[in-house]
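In: Any chance you could fold what I've pasted below:
(3 chains)
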Amino acid sequence: MKNQKVLTTNYTKINGDFKGKDILSSEQFDLLSIKKLFSVTGQMAAIAKNARPSDLLKGKISTLLFFEPSSRTFGSFSASMKQLGGQTIEMTISSSSMAKGESFEDTIRTYEAYCDLIVIRHPEVGSVQKAAEIAKYVPIINAGDGIGEHPTQALYDLYTIKEKFPNVNKLHVVFFGELAHYRPVNSLAMLLSLYPGIKISFVSPPQVKLNQEVYSYLKERNIQFQELVNIDDVIGEADVLYVTRVKKEFLPAKLYKQIQGKYSVDKKLVNKMKKESIIMHALPRVGEISTEIDNDPRAVYLKAQVRNGMYVRMALLKLVLKG
Amino acid sequence: MKNQKVLTTNYTKINGDFKGKDILSSEQFDLLSIKKLFSVTGQMAAIAKNARPSDLLKGKISTLLFFEPSSRTFGSFSASMKQLGGQTIEMTISSSSMAKGESFEDTIRTYEAYCDLIVIRHPEVGSVQKAAEIAKYVPIINAGDGIGEHPTQALYDLYTIKEKFPNVNKLHVVFFGELAHYRPVNSLAMLLSLYPGIKISFVSPPQVKLNQEVYSYLKERNIQFQELVNIDDVIGEADVLYVTRVKKEFLPAKLYKQIQGKYSVDKKLVNKMKKESIIMHALPRVGEISTEIDNDPRAVYLKAQVRNGMYVRMALLKLVLKG
Amino acid sequence: MKNQKVLTTNYTKINGDFKGKDILSSEQFDLLSIKKLFSVTGQMAAIAKNARPSDLLKGKISTLLFFEPSSRTFGSFSASMKQLGGQTIEMTISSSSMAKGESFEDTIRTYEAYCDLIVIRHPEVGSVQKAAEIAKYVPIINAGDGIGEHPTQALYDLYTIKEKFPNVNKLHVVFFGELAHYRPVNSLAMLLSLYPGIKISFVSPPQVKLNQEVYSYLKERNIQFQELVNIDDVIGEADVLYVTRVKKEFLPAKLYKQIQGKYSVDKKLVNKMKKESIIMHALPRVGEISTEIDNDPRAVYLKAQVRNGMYVRMALLKLVLKG
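Out: Just a heads-up that it's a prediction; the model follows:
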């Protein structure tokens, strides 16, 4: 748990105009851009549900360039293009093969010749941002850079929150679990900072607290937030409970053992929650939320959240590729 | 060779109406449904040969979710969607990665949000059927569940038989080889039981005889069948010789050695066959049929059978997705 | 470095008519065919840049059957089909899985049933040519057979040369590096032999000189060429400097150590080149060309060459599939 930098700054702001822009960080978004994105998202949901075939992205090609395996995000982006009649070039490249082969630069320069947009996932923080600097002709979308950011995840998390609670400013959002290595927490917390009335609680073992840079980011923006160890202190007030996966791969074995299973959600905990609240998880989960919760009306992780992921990505692809 | 259950029962019958239904087992089919499917199959063959581009499945997306590697069936389903202007999301997930990652349930729930239909192959008997129970919004097609069933294979095998012999009721079908672990045998034998006049011979080493459940299935339906050890006892009467691969991966080394090479087809055996007969194999073959047979007019495994596989799958996809 | 055969001969000539023909070797091309191909290539470039969606290959399906991993060529062919509205079936099959499984013949016979054309890469010389003999219904395109040929690479290399120098007959082309195991050298040298006025220099360590068969091929055609060890002897005269990758996988460790890094291109070398010259590389590079050269106007490897690869393949696919 060395103090790794997770945020890059000084991005081009979206300012309501997505066309041709890289989508790299939550930091690029203001309320206007979010409003526009979510308005188009509603149209995309309607297409996915009732209005296919769509030719909206016919003739457009996105490359999915994944430098670590992913089934969920990969499938979501692949579906998003195809739902709109677009096509994909799909390539998973293991970091090991990169090591002995050509440079990251040459790979990006090559793929941008083949397509209109590149979606990149990479295990290293900042590498997708680097790809955006390298690419000269096509926009880049960040599908997760190590423990850095995962802005499209955060955007559909926010969309899911707003579906239930149109007025985000009044909410109390509780992040719960291992927060130090979980990129959706970074990206969503940054987005939530656009709502000055919001209250955020970060509940985690002390060893895996919120990333320091994100902490500072929120402080600078005068967001009301607190860090806690015990979920019972806030569970009764939470409008949104955002559960994270304890990332075994990032933790010392001893610490993993201490944490695993202690920051999880079962019926007993859910019973302490408000009737009008929602339980979110970016998935995959490995036991953090008991399956007995799945049919609770407050559980949105397997229903609204997954679907909204595709709708928001459809909207982003549409806006970046065609305006 | 423990006594593993290979059949699940109590499926929703097709009853001539495919739209939105899961395709999990041969048991779902009656003669009416087969007639309808094969009538559409003829139309599909015409499209594949002469009438593309087709927009019949334009805007439709099928996920190919394969939990074990496959090139043949994977390629066949991929082609079937694309021949009709549809699209696919393609994902091979190793069972090992599932073991450490999220649950099968969550994977199915996720992918069904992205598409209109999921084709699943899985190494465990019954898992595709389980997927069908999990999925709430899209139909599931079984592309092989362990040593259980492989209904689409059986359907195109039957189509291939009917192309040559429209009156299936009069046929003598001989299954030949390792029968205990070969799912197409199960599924095809069950389909053939729809024809009360049929005669079936199962020729295999005694250690790898027909599965006991399929045996009972045929008995209950009063199908005339016999189990034999020596192919010479029936080869002269066979209308259909259905050859199987000896599945090394399922057999003790000693038994494999005993069997391998003894249940294979060469020119000498084929010379004992009727002029008007056909030789089938679900492929891949590993030496069970000598390549010297490939150009024999009775050999249909590399010609009609492979092509019919695509046509029947095109028809199934069309009927399930659009009725 | 045993004396492996790298060329097969007696191919069907293109003679200006591509429809339905296999594309296996540079040897199939005459000047008329090249003229036709490059004329269509210009149209394809226009489509890729400004005229999508294109329905030129709508309803056409190409299988990409790669028996060794490739990201660059794989992506280029995938994009080429999709830029024209076509679809692909994509399959990477490791040689090891082929070893235990079915035969190469059965694989080809199977895949040709699914599609209209097969693009094949294979680690063994001559195997793509063998596939073309096996396939009965669809044309085959060679995307690289071991250290043999890579004709589509050579074609877009030639296109890139002609873009800069319409009169190829007057050029001095210098191949530089490890030439014995680099298939694009073979295929491009053969294509260049169509221009009787050309001059070619092969600069390499003596242990990895030009393949003997290609040497004889050029001799028979009375092409003016020389073999050299020292790049300084010709660098000032080169119109085209074609740099190759030292293929570690084909060389004894000791020899690799001797060669690696000595046959590379840096600013000092480039400063000796003519103002009006171009530097090419088939990529991937592993240090043979310093990145400080990338922005030199003579460097075409990351710009024109990659893009032209897609345009030429689009033209080939269009001509072979539709005439």
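In: Grab the nearest non-local neighbour of the residue of the stretch 1-150 of chain A found nearest chain C.
Out: Nearest residue of the stretch 1-150 of chain A to chain C: A:G59, at 2.6 Å (C-beta to the nearest C-beta). To be clear about C-beta, it is placed using only N, CA and C from the backbone, and glycine gets the same treatment. Among residues not flanking A:G59 along the chain, C:P53 sits closest, at 2.6 Å (C-beta to C-beta, 6 or more residues apart in numbering or on different chains).
In: Pass me the low-pLDDT residue ranges in the stretch 1-150 of chain A, would you?
Out: For the stretch 1-150 of chain A, residues meeting the criterion pLDDT under 70 lie at A:1-4, A:9, A:95-101.
In: Nearest spatial neighbour of the residue of the stretch 201-323 of chain A found nearest chain C, chain-adjacent residues omitted?
Out: Scanning the stretch 201-323 of chain A for the residue nearest chain C gives A:L321, at 11.2 Å (criterion: C-beta to the nearest C-beta). Distances taken as C-beta to C-beta, 6+ apart place A:K60 nearest to A:L321, at 5.2 Å, with adjacent residues excluded.
In: which residues touch the one you found?
Out: A:K60 is in contact with A:M81, A:G86, A:Q87, A:D116, A:L117, A:L317, A:L321, A:K322, C:R52, C:P53, counting by C-beta atoms under 8 Å, 6 or more residues apart in numbering or on different chains.
In: Among those residues, name the ones in helices.
Out: Secondary structure from DSSP state H places A:M81, A:L317, A:L321, A:K322 of those in helices.
In: for chain A, what spans make up the strands?
Out: Assigned by DSSP state E, the strands in chain A fall at A:61-66, A:87-92, A:117-122, A:140-145, A:172-176, A:199-203, A:224-228, A:240-243, A:278-281.
In: out of the ones you listed, nearest to chain B?
Out: When the strands of chain A are compared by C-beta to the nearest C-beta, strand A:87-92 sits nearest chain B, at 7.7 Å.
In: tell me what that closest one is packed against?
Out: Packing contacts for strand A:87-92, counted by 3 or more C-beta pairs under 8 Å, 6 or more residues apart in numbering or on different chains; DSSP states H and E, involve strand A:61-66, helix A:72-83, helix C:72-83.
In: contacts for the last one?
Out: The reference is to helix C:72-83. A:61, A:63, A:87, A:89, A:91, A:110-111, A:114-115, C:44, C:47-48, C:52, C:54, C:57, C:60, C:62, C:64, C:66, C:87-88, C:90, C:92, C:119, C:121, C:141, C:143-144, C:152-153, C:283-284, C:306, C:309-310, C:313-314, C:317.
In: Just the buried residues of those residues.
Out: Taking 16 or more other C-beta atoms under 10 Å in any protein chain shown as the criterion, what is buried in the contacts of helix C:72-83 is A:61, A:63, A:87, A:89, A:91, A:110-111, A:114-115, C:44, C:47-48, C:52, C:54, C:57, C:60, C:62, C:64, C:66, C:87-88, C:90, C:119, C:121, C:141, C:143-144, C:152-153, C:283-284, C:306, C:309-310, C:313-314, C:317.
In: Can you spell out the domain ranges of chain A, please?
Out: Residue ranges for the domains of chain A, per automatic domain parsing: A:26-149+A:309-322, A:151-305.
In: tell me the mean pLDDT over stretch A:314-323?
Out: For stretch A:314-323, mean pLDDT is 98.
In: ok now it, how far from the chain's centre?
Out: Distance of stretch A:314-323 from the chain centroid (C-alpha atoms, centre = their mean, to the nearest Å) equals 17 Å.
In: Where do the helices of chain A begin and end?
Out: A:31-50, A:72-83, A:95-100, A:104-111, A:127-134, A:151-164, A:183-192, A:212-220, A:253-259, A:267-270, A:304-322.
In: Need those helices in TSV (columns: distance to C:G75).
Out: TSV is the format used below for the helices of chain A (distance: least, C-beta to C-beta, whole Å):
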stretch	distance to C:G75
helix A:31-50	27
helix A:72-83	15
helix A:95-100	14
helix A:104-111	6
helix A:127-134	15
helix A:151-164	23
helix A:183-192	27
helix A:212-220	35
helix A:253-259	38
helix A:267-270	46
helix A:304-322	19
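In: how about those helices, which one is nearest C:Q212?
Out: helix A:95-100 (29.6 Å; C-beta to C-beta).
In: Can you tell me which residues in the stretch 51-200 of chain A are near chain B?
Out: Within reach of chain B by C-beta under 8 Å from any C-beta of the partner chain, the stretch 51-200 of chain A has these residues: A:52-54, A:69, A:71-72, A:74-76, A:78-79, A:82-83, A:85, A:90.
In: tell me which of these is nearest to A:R298?
Out: Nearest to A:R298 among these, with distances taken as C-beta to C-beta, is A:R72, at 21.9 Å.
In: neighbours of the closest one, just the number please.
Out: By other C-beta atoms under 10 Å in any protein chain shown, the residues close to A:R72 number 21.
In: And the residue of the stretch 1-150 of chain A closest to chain C, how far from chain B?
Out: A:G59 sits 14 Å away from chain B, going by C-beta to the nearest C-beta, to the nearest Å.
In: wait, that residue sits on C:K58?
Out: No: with contact defined as C-beta atoms under 8 Å, A:G59 does not count as touching C:K58 (10.7 Å).
In: between these two, which one's more packed in?
Out: Shown here are A:G59 and C:K58; by other C-beta under 10 Å, A:G59 has more neighbours (20 against 16).
In: Now stretch A:275-292: buried residues?
Out: A:S277, A:I278, A:I279, A:M280, A:H281, A:A282, A:L283, A:R285, A:V286, A:E288, A:I289.
In: Of all pairs in those, which one spans the longest distance?
Out: The most widely separated members of the buried residues of stretch A:275-292 are A:S277 and A:V286, with 23.3 Å between them, by C-beta to C-beta.
In: hmm, back to that, just want the phi and psi numbers for the residue nearest to A:L321.
Out: Dihedral pair for A:K60: phi -90, psi 140, per degrees, to the nearest 10.
In: and the residue nearest to the spatial centre of chain A, what is it in contact with?
Out: Centroid-nearest residue in chain A: A:Q153, 2.1 Å away (criterion: C-alpha atoms, centre = their mean). Residues near A:Q153 by C-beta under 8 Å, 6+ apart: A:T73, A:G144, A:R183, A:P184, A:S187, A:L188, A:A282, A:G309.
In: can you rerun that using 6 Å?
Out: Going by C-beta atoms under 6 Å, 6 or more residues apart in numbering or on different chains, A:Q153 touches A:P184, A:A282.
In: Also A:G86?
Out: Neighbouring residues of A:G86 by C-beta under 6 Å, 6+ apart: A:L57, A:K60.
In: one more time with 8 Å
Out: A:G86 neighbours (C-beta under 8 Å, 6+ apart): A:L56, A:L57, A:K58, A:G59, A:K60, A:I61, A:S62, A:L317, A:L321.
In: Quick one: these as CSV, columns for distance to C:N169 too.
Out: CSV is the format used below for those (distance: C-beta to C-beta, whole Å):
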residue, distance to C:N169
A:L56, 49
A:L57, 45
A:K58, 43
A:G59, 39
A:K60, 41
A:I61, 37
A:S62, 42
A:L317, 48
A:L321, 44
